[in-house]
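> Sharing a sequence plus its predicted fold:
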Amino acid sequence: MPIYDYKAIQTTGKATKGMVEAENVKAARLKLKKQGLMVTDINEKNSAKPGAGGGGMPFVGNRVSGKDIAMMTRQLASLVKANIPLVEAISALVEQIEIPSLKVVLNKVRDDVNEGSSLAKALVQHPKIFDSIFVNMVEAGESSGTLGLVLIKLADLKEAQMRLRSKVISGMTYPGIMAFISATLVLAIFTFVIPKLAKVFESMNKPMPATTVFLMNISDFILSYWYLLAGASFMALVMFQRYIRTTDGRYKWDGFKLSAPLFGPMLRMVAVTRFASTMSTLLASGVPIIAAMTISRNLVGNVRIEAAIDNAKANITEGQSIAEPLKRSGEFPPLMIHMIAIGEKTGELPGMLKNISETYEEQVNVRIEGMTALIEPMMIVVMGGIVGFVVMSIMVPLMDVSSISK
């Protein structure tokens, strides 16, 4: 049934608004009237409108997160496994879900399924919410008669992706905050502190130490040409963004990220974990291996590793193995190559890929903890060195003034 947004006035005279589900506008008005509400405005929500899956989501409260999708999927899996008809199961979800945009989309999905469409075809109409992994796994589950089991695996995959993303974000947040604070403090010193002290130094009428002169020149340059610095920084950022959007630029930038001393190994592990976990879930759900590799490739996020996967996919099409081209690319860890080769020989590739994803997910966690523990003292040392240099450059002339006054 359609869902309507409404604005109304309560019996107390207080204005209110919300959503109501009804067969048509007349039924919606009658439903609200029975609740003691006088409707002033009512409009049908549409999944094609922003916030529903066909477009953007303008309100934060309408956003559908990966956590929301995982929870909804697990609930649907429980209902399907309990042999509840699919339309009734989706109806139960519509009634209990509180996120407006997801409620509208599920309502449309239910209507499509009720009209004879498969669940996969109904979901594919809302790519902003249900990605290609979701749709392909549901399609495989429907064709094999194991939709409930596939939905559980899909919920596990979504939760694993959210877990990995959360770990990466938490590992990057602290260094980012420290770098921002450090840069802000240094800029404040050069913008506000040093210019005031420069007037004192100039009134001394005596030669300044080279470090003090250096700091004063930097401060003067920042104050005099801040607009040029800001413009140059903005232009450099725009040019860099344009460069990495090109094929050659993206390839080189992704290669640089993988070879970076501190973050490179972690980024490679994250890509490997995404590829292995997605491949494992898709293959175990009955998705053909070529389709599974195509979908998993799109989640890696690095063109160099994507190229290696494309090469391996071409080899499979010609009847060869996966492990050998992945090994030749040099982009995948030897342990992963060895485990994939064993999985191919024993016919247990999905299970082996799952072991790989679990192994590297744990290594990502350990790497993030180690990186955070290493970055913290490094940031303190660097910041301490900068501040110490500035303080000494300022204190030496001030100490001279103090000694002269005595």
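Arrived safely. Numbering: from 1, shown residues only.
> what number of residues lie near A92?
15 (other C-beta atoms under 10 Å). In short, each C-beta sits where N, CA and C put it, glycine included.
> Quick check: the residue lying closest to it once chain neighbours are set aside vs G148, distance?
Leaving aside its sequence neighbours, A92 sits nearest to L79 (C-beta to C-beta, 6 or more residues apart in numbering; 6.1 Å). Distance, L79 to G148, by C-beta to C-beta, to the nearest Å: 9 Å.
> quick revisit: got a pLDDT number for the residue nearest to A92?
With respect to pLDDT, L79 scores 90.
> Which residues does the helix or strand where it lies contact?
In this structure, L79 is located in helix 66-81 according to DSSP states H and E. For helix 66-81, the surrounding residues in contact (C-beta atoms under 8 Å, 6 or more residues apart in numbering) are 86, 88-90, 92-93, 96-97, 99, 102, 106, 129-130, 134, 147-149, 151-152, 154-155, 158-159, 161-162, 165.
> how does it look with 7 Å?
With contact meaning C-beta atoms under 7 Å, 6 or more residues apart in numbering, helix 66-81 is reached by 86, 89, 92-93, 97, 99, 102, 129, 147-148, 151-152, 154-155, 158-159, 161-162.
> likewise stretch 140-160?
Against stretch 140-160 from outside (C-beta under 7 Å, 6+ apart): 66, 69-70, 73-74, 76-77, 80-81, 118-120, 134, 137-138, 277-278, 281, 284-287.
> and the residue nearest to A92, how many residues sit next to it?
Neighbours of L79 under the rule other C-beta under 10 Å: 19.
> Show me how far stretch 171-188 is from its chain's centre.
Centroid separation between stretch 171-188 and its chain, computed with C-alpha atoms, centre = their mean, to the nearest Å, is 21 Å.
> on that earlier part again, report the buried members of the contacts of stretch 140-160.
Buried by 16 or more other C-beta atoms under 10 Å: 69-70, 73-74, 76-77, 80, 119-120, 134, 137-138, 277-278, 281, 284-287, out of the contacts of stretch 140-160.
> Tell me the helices and strands packed up against the top helix by length along the chain.
Determined from DSSP state H, the single longest helix within the chain is helix 349-405. Judged by 3 or more C-beta pairs under 7 Å, 6 or more residues apart in numbering; DSSP states H and E, helix 349-405 is in contact with helix 147-188, helix 210-245, helix 264-284, helix 334-346.
> how far off helix 147-188 does the third one point, in degrees?
The reference is to helix 264-284. Helix 264-284 runs at 160 degrees relative to helix 147-188, counting by axes from the mean of the first three to the mean of the last three C-alpha atoms, to 10 degrees.
> List the buried residues of helix 264-284.
For helix 264-284, a neighbour-count test (16+ other C-beta under 10 Å) marks 265-284 as buried.
> What ranges in this structure fall below the confidence cut-off?
Within the chain, the segments meeting pLDDT under 70 span 1-2, 45-63, 204, 206, 400-406.
> quick check: domain ranges of it?
As recorded under automatic domain parsing, the domains making up the chain are 3-44, 60-130, 264-366.
> Helices along the stretch 1-150 of the chain, start to end?
Along the stretch 1-150 of the chain, the segments classed as helices by DSSP state H, counting those that start in this stretch run 25-34, 66-81, 86-96, 100-114, 119-123, 132-144, 147-188.
> Turn the ones you listed into JSON lines, including distance to T372.
Listed next are the helices of the stretch 1-150 of the chain as JSON lines, based on distance: least, C-beta to C-beta, whole Å:
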{"stretch": "helix 25-34", "distance to T372": "53"}
{"stretch": "helix 66-81", "distance to T372": "23"}
{"stretch": "helix 86-96", "distance to T372": "39"}
{"stretch": "helix 100-114", "distance to T372": "34"}
{"stretch": "helix 119-123", "distance to T372": "38"}
{"stretch": "helix 132-144", "distance to T372": "30"}
{"stretch": "helix 147-188", "distance to T372": "6"}
